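Q: 3D, please:
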Amino acid sequence: MLILLFLFAVLLAAGLFFILADVLKLPTMGAAKAMLSAGKQDKKAAKTVDAYFMSGAVRLSRFIRLDEYRKSRMSNVLKAAGISMTPEVYLAYAFVKAGAILLGVIPCLFLFPLLSLVMVLLAVLVYFKETRKADEQLKVKREQIESELPRFVATIEQSLKSSRDVLSILENFKKNAGAAFASELDIVTADMRSSSYEAALTRFEARLNSPQLSDVVRGLIGVLRGDDGAIYFQMLAHDFKVLELQRLKGEAQKIPPKIRIFSFIMLICFLFTYLAIIGYEIIKSLGGMF
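A: Next comes the predicted model:
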């Protein structure tokens, strides 16, 4: 009986959804997936479920109000992380995804009430995960760029001995930079061509909000204003080398616990090998005695 009620509820919900989709003129699933894929930088195909969530998020975003500071901050973070959403749609998407999981509480109340608490906790976790996704992606991108800054500063130091053209220095380094850093250098060089150099570099600094990158941008702006810059970048290269060594030491310290597990497994394998040989010899000697 409970199974029939559950199937009836599912079919009723599906029927109401299709009726409302026709009344509200919701876009088809193919159009929603195409729009969602167009907004992604990695160009992966959008999932059907994500397309449903995005359609609901766009409509829910009309009722979300943010103050100017939070909206500006979230907009900068989303743009730097490569997420093509407005802050309102981004928050609405987290609400819709968590709400979809929260709907699972309804069948759980009929079938297994204790599981409803798990669904509520899961919905809360999904909401916080989705709201922090942009910050996490930006953090990964910032770390990738900061790992290339020592080489970037060393290149600037050597280039200033023969040229003071900041734009050409950035374009030459872009050819050998990583994917994340090359993408940002594409943006800043295009911005420098269409506006003032200082304003473009300042926006470049504000997008990533990295203290190390701020030091580099400060030196480049000084070069644009006529400063020598050679000694500044020489000292900066030394400081970045020290920071790079500290980062590599930190990563090296994380490796032993991972290796220790495999070392323990290898030790057990060696012990089993020796015990098997010893056991075989004991059985062989006992067979000779009898």
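
Q: can you give the domain ranges for this structure?
A: Using automatic domain parsing, the domains assigned to the chain come out as 2-131, 135-290.

Q: quickly, which of those bottoms out on average pLDDT?
A: Least confident of the domains of the chain, judged by mean pLDDT, is domain 2-131 with a mean of 76.

Q: on that earlier part again, I'd like the domains of the chain as a markdown table, with mean neighbour count appended.
A: C-beta here means a position set from N, CA and C on the backbone, and glycine is covered the same way. Output for those, formatted as a markdown table (neighbours: other C-beta atoms under 10 Å):
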| stretch | mean neighbour count |
| --- | --- |
| domain 2-131 | 14 |
| domain 135-290 | 14 |
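
Q: contacting residues for residue 207?
A: The neighbours of residue 207, taking C-beta atoms under 8 Å, 6 or more residues apart in numbering as the test, are 76, 79, 80, 184, 187.

Q: is it true that the first one touches residue 206?
A: Which is residue 76. Yes: the pair residue 76 / residue 206 is scored as a contact, 6.8 Å apart, by C-beta atoms under 8 Å.

Q: residue 276 and residue 269, how far apart?
A: 11 Å (C-beta to C-beta, to the nearest Å).

Q: cool, residue 197 as well?
A: 62 Å.

Q: what would the contacts of residue 207 look like in TSV with secondary structure and distance to residue 238?
A: Output for the contacts of residue 207, formatted as TSV (DSSP: H, G, I helix; E, B strand; the rest coil; distance: C-beta to C-beta, whole Å):
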residue	secondary structure	distance to residue 238
76	helix	31
79	helix	33
80	helix	28
184	helix	24
187	helix	29
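
Q: center of this structure - which residue?
A: Residue closest to the average C-alpha location in the chain (C-alpha atoms, centre = their mean): residue 137, at 2.2 Å.

Q: by contact count, what packs against the longest helix along the chain?
A: Scanning the chain for the longest helix, with DSSP state H as the assignment, gives helix 230-289. Packing contacts for helix 230-289, counted by 3 or more C-beta pairs under 8 Å, 6 or more residues apart in numbering; DSSP states H and E, involve helix 133-159, helix 211-224.

Q: contact partners of the shortest one?
A: Under the contact criterion C-beta under 8 Å, 6+ apart, helix 211-224 has outside partners 145-146, 149, 152-153, 156, 160, 164, 166, 197-198, 201-202, 204-205, 229, 232-233, 236, 240, 243.

Q: that one vs helix 133-159, what angle?
A: 40 degrees (axes from the mean of the first three to the mean of the last three C-alpha atoms, to 10 degrees).

Q: relative to helix 230-289, how tilted is helix 211-224?
A: 150 degrees.

Q: distance to residue 54 for the helices and strands packed on helix 230-289 - can I get that in JSON lines?
A: JSON lines is the format used below for these (distance: least, C-beta to C-beta, whole Å):
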{"stretch": "helix 133-159", "distance to residue 54": "14"}
{"stretch": "helix 211-224", "distance to residue 54": "32"}
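
Q: thank you kindly, that will do.
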